[in-house]
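>>> Pasting a predicted model and its sequence here:
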Amino acid sequence: MKAISITTIMLLSLGSVALAGVIAPDANVEKLSGVFSFTEGPAADPKGNVYFTDQPNDKIYIWSTEGKLSVFLTGGERSNGMRFDADGVTLLACADLHNRIVAFAPDGKMTVVVEKYKGKKLNGPNDLWRHPNGGLYITDPYYYRKWWADPNMEQDGQHVYYLAPDRKTLIRVTEDLVAPNGIIGTPDDKLLYVADIGASKTYVYSINPDGTLSNKKLFCDMGSDGMTIDNEGNVYLTGNGVTVFNPAGEKIEHIKIPESWTANVCFGGKDQDTLFITASKSLYSVKMRTRGVTWPATTETKSAIAADAKVEKLADGFGFTEGPIADAQGNVYFVDVSNNRIHKWSLDGKLSTFRENSGGASGLDIDDKGNLYACEGGSRRIARIDTNGNATVLCDSYKGKKFNRPNDLWRDKKGGIYFTDPGYKKGESELDGSYVFYLPPDSKEPIIVVADMTGPNGIVGTKDGSLLYVADYSGRKTFVFKVKDDGTLYDKKLFVPVGADGIELDELGNLYLTDLSGKGVNIVSPEGKKIGYISVPNSTSNICFGSKDDKTLFITAQDSLYSIQMNVKGQ
């Protein structure tokens with residue numbers, strides 16, 4: 001790739017662009033380069049380098065994280081909207097030259113992904129979004145291009161398509177839009193935003209398991225050329241600068257760009273906290289308070305799950321299953337919250353009842369001696385349960401006030417216990433909020449270590465005790481903290497923009513999160529990249545590793561207990 005010398009970088013003072021909203025304090029829009037004819041299609045690779053097109057000159061450029069501009073490809077099929085594929089290195093592009101979707105390898109070699117629907121060529125794919133399952137959502141409006149030999153439109157309208165993960169099956173998912181253009185999905189992969197620039201409206205749809213769309217709703221009375229979304233669910237639309245809407249469809253910010261047209265946007269940079277903006281003849285950027293939410297999968301996408309493994313139902317007929325935990329031998333204990341019992345699934349595949357009248361237990365942990373530790377939500381306490389089923393109360397209040405309903409817990413290597421205490425039932429709460437507590441070893445007096453979450457739920461720490469992950473169920477986010485020697489926490493960081501009911505770690509440091517919006521388990525790398533998903537027939541509540549070799553993932557889901565064979569062990 002040949003580097004291009006940029007002699008000047010112009011800093012634009014655009015009034016009060018540094019608002020106390022999505023833009024970082026004191027940040028200004030910066031013009032990175034203006035040597036193009038018309039810029040489009042920005043897409044960030046896993047490292048944060050941003051690829052974008054100069055469509056009239058048929059080139060694809062790279063703006064690196066070091067601030068250098070280079071040419072990735074000359075002769076890029078007049079590419080428009082672009083996204084990176086699951087491997088993080090293959091660039092998918094809406095190629096206007098021959099009205100198709102193509103893929104560019106790192107060396108620039110091109111392959112055709114799809115070009116026809118029912119034997120007829122597409123109008124001119126404009127933008128696309130890759131679902132984590134590998135499927136592609138594609139907008140296909142009609143804009144006449146002077147380089148077309150045949151300007152006739154073969155399709156019967158301007159539609160949105162879904163290309164299944166097999167990259168062979170193409171279906172229409174909308175047929176009532178005027179000119180669909182910008183497109184983006186939500187961080188939890190359950191909603192799809194589509195801008196109908198021809199009708200000056202943007203809609204939001206529910207994504208069905210088969211890739212079709214349903215529950216169409218008007219999101220805002222504004223169309224858009226390009227779109228992106230941040231870690232708070234705010235949606236960014238383009239045209240006259242960049243307009244930002246919150247998840248409720250309310251306009252919360254406008255970023256002025258000194259160009260006649262703003263085409264597209266994406267988050268990039270090393271920390272995914274820089275907004276890159278393609279606008280007419282230029283490329284711009286601005287530092288953000290929010291971050292992007294793309295989780296490009298690595299080459300290890302499927303390595304955590306054993307080859308050909310399938311989810312197996314082990315038992316059903318329970319009220320509501322929760323809190324699985326394995327003992328040193330690999331037997332798994334879990335809770336039936338509704339029926340107030342703790343069950344045991346043994347290595348020989350037998351189910352038994354370990355304890356009746358479990359105090360409304362939910363989350364469990366276990367020590368080397370086989371003693372269980374339970375969040376007894378019904379009894380509003382933390383208890384230790386010996387191998388005979390006898391319970392000892394470890395703590396049941398904070399400064400004389402009863403806990404809300406302890407939900408999940410994790411024991412550190414010192415024997416201290418972290419537990420979440422969300423205040424889901426406000427009428428019975430004596431405390432004034434939802435908290436994460438830490439009960440030091442040999443103490444009955446817990447301390448508050450997190451006080452700023454709306455519904456802390458799933459919790460787990462690393463084996464060495466240096467990091468603690470906490471899922472905010474109500475806030476739909478999961479955070480990671482560093483742990484001090486006294487058990488208190490510091491350096492809180494957003495880990496992923498989704499919450500969870502239960503979470504678990506494997507030996508590689510991958511975090512497993514039950515999916516709040518669907519039926520399954522998300523697998524996320526230590527860097528916060530989504531690297532896999534396990535689909536389960538029922539909505540999932542919690543998970544743990546167990547069995548003799550510790551390579552079976554056990555999943556509690558509604559009235560059932562499931563398992564799947566893995567390539568990795570629990571931590």
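The structure has been received and is ready for your questions.

>>> Would you mind giving the domain segments of the protein?
As recorded under automatic domain parsing, the domains making up the chain are 3-287, 317-508.

>>> Which of those domains comes out lowest on mean pLDDT?
Of all these, mean pLDDT reaches its minimum on domain 3-287 (a mean of 91).

>>> Can you give me the first-to-last residue distance of stretch 330-350?
Stretch 330-350 has its terminal residues 13 Å apart, counting by CA to CA, to the nearest Å.

>>> how about that stretch: buried residues?
By neighbour count on 16 or more other CB atoms under 10 Å, the buried set for stretch 330-350 is 330-337, 340-343, 345. In short, each C-beta sits where N, CA and C put it, glycine included.

>>> Please tell me how far K281 sits from N49.
In this view, K281 and N49 are 21 Å apart by CB to CB, to the nearest Å.

>>> and what of V235?
Taking CB to CB as the measure, V235 falls 24 Å from N49.

>>> Look up which residues are beta-bridged to L467.
K482 (DSSP bridges).

>>> That one: what's it in contact with?
461, 480-483 (CB atoms under 8 Å, 6 or more residues apart in numbering).

>>> Tell me the one of these nearest W129?
Nearest to W129 among those is V480, at 27.1 Å by CB to CB.

>>> just to revisit the earlier point, counting only strands, which of the buried residues of stretch 330-350 make the cut?
If you go by DSSP state E, the buried residues of stretch 330-350 have 332-336, 341-343, 345 in strands.

>>> if we can go back for a sec, quick one: closest of the domains of the chain to A557.
domain 317-508 (6.7 Å).

>>> three-state assignment of G157?
Three-state call for G157 (DSSP: H, G, I helix; E, B strand; the rest coil): coil.

>>> measure it to V178 for me?
Separation of G157 from V178 (CB to CB): 9 Å.

>>> Please apply the same query to F545.
According to CB to CB, F545 and V178 sit 51 Å apart.

>>> Give me the more crowded residue out of these two.
F545 (25 against 15; other CB atoms under 10 Å).

>>> which ones are touching that one?
326, 504, 506, 551-554, 566, 569-571 are the contacts of F545 under CB under 8 Å, 6+ apart.

>>> Just put those in JSON lines and tack on secondary structure and neighbour count.
Formatted as JSON lines, the contacts of F545 follow (DSSP: H, G, I helix; E, B strand; the rest coil; neighbours: other CB atoms under 10 Å):
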{"residue": "A326", "secondary structure": "strand", "neighbour count": "22"}
{"residue": "E504", "secondary structure": "strand", "neighbour count": "26"}
{"residue": "D506", "secondary structure": "strand", "neighbour count": "20"}
{"residue": "K551", "secondary structure": "coil", "neighbour count": "18"}
{"residue": "T552", "secondary structure": "strand", "neighbour count": "22"}
{"residue": "L553", "secondary structure": "strand", "neighbour count": "29"}
{"residue": "F554", "secondary structure": "strand", "neighbour count": "25"}
{"residue": "M566", "secondary structure": "strand", "neighbour count": "24"}
{"residue": "K569", "secondary structure": "coil", "neighbour count": "14"}
{"residue": "G570", "secondary structure": "strand", "neighbour count": "21"}
{"residue": "Q571", "secondary structure": "coil", "neighbour count": "17"}
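
>>> Max pairwise distance over the ones in strands among the buried residues of stretch 330-350: which two?
V332 and R341 (14.3 Å).

>>> which ones are touching the closest residue to G465 other than its chain neighbours?
With sequence-adjacent residues excluded and distances taken as CB to CB, 6 or more residues apart in numbering, G465 is closest to D412, at 4.8 Å. Contacts for D412 (CB under 8 Å, 6+ apart) come out as 418, 461, 465, 483, 487.

>>> Surely E30 and S285 touch.
Yes - E30 is within contact range of S285, at 5.3 Å (criterion: CB atoms under 8 Å).

>>> quick one: which of those two has more around it?
Using other CB under 10 Å as the criterion, E30 and S285 rank with S285 on top: 21 against 16.

>>> can you confirm the more buried one is in a strand?
Yes - under three-state DSSP, S285 falls within a strand.

>>> about what we covered before: now the buried members of the contacts of L467.
Buried members of the contacts of L467, scored by 16+ other CB under 10 Å, are 461, 480-481, 483.
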